[in-house]
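Asker: Could you work out the structure for the sequence below:
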Amino acid sequence: MTQTITVALDEEYGYREWIWETGMTAAELEAWWSAKQSLGAYFFSPVGLPGSMMQVAEDMTEVDAKCMALLERGPDGKGELTKEECDAQITRLMREHPCKLVYTETGEEAPKKESGWWSAHIHMDEDSHLKTSDGRYIHHAGRGDA
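Answerer: Sure thing, here's the model as predicted:
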């Protein structure tokens, strides 16, 4: 069976992240993307790209709860922590908390990005790109430097 490409897609306009199941092989996806004169149709939303698209977001519920507990002990709460101590603990929490992605529509946990996935950025024609799993950038025909 031929392997199809999954893309971790970053949409700049709405600051959203997506998992794009392209349904295309590497060669098909590169040919499709490279032939596009413009990606303007996907500026406001990548929905409509071929294949299936699922929006994902970080689940920050646990981190938010821990941060709120710290803030309650901070300078505006009971005074147990100084602002600097509170900021330092929140920074540590954010750094140490493993990122968990969930599907925004269902709340179910989404798969972690795998080494074979490609990535893409959609915004203006001059900064949209597709990137293979080995780090090679692919630009669409209308970009000018494709």
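Asker: and the longest helix anywhere in the chain, what other elements does it pack with?
Answerer: Secondary structure of the chain read by DSSP state H shows that its longest helix is helix 83-96. Packing partners of helix 83-96 (3 or more C-beta pairs under 8 Å, 6 or more residues apart in numbering; DSSP states H and E): helix 61-72. Bear in mind the C-beta positions are built from the backbone N, C-alpha and C, glycine included.
Asker: can you pull the buried residues of the helix it packs on?
Answerer: Neighbour counts over helix 61-72 (16 or more other C-beta atoms under 10 Å) mark 63, 67, 70-71 as buried.
Asker: just to confirm, which helix or strand has the residue positioned nearest the centre of the chain in it?
Answerer: Note on the chain: the residue nearest the mean C-alpha position is residue 17, at 3.4 Å, using C-alpha atoms, centre = their mean. Per DSSP states H and E, residue 17 falls inside strand 16-21.
Asker: relative to helix 83-96, how tilted is the lowest-mean-pLDDT helix or strand in the chain?
Answerer: Lowest on mean pLDDT, DSSP states H and E among the helices and strands of the chain sits helix 61-72, with a mean of 74. Interaxial angle of helix 61-72 relative to helix 83-96 (axes from the mean of the first three to the mean of the last three C-alpha atoms, to 10 degrees): 170 degrees.
Asker: From the chain's centroid, how far away is helix 61-72?
Answerer: 24 Å (C-alpha atoms, centre = their mean, to the nearest Å).
Asker: partners of the strand holding residue 17 in the sheet?
Answerer: With DSSP bridges as the test, strand 16-21 is paired with strand 6-11 (antiparallel), strand 52-58 (antiparallel).
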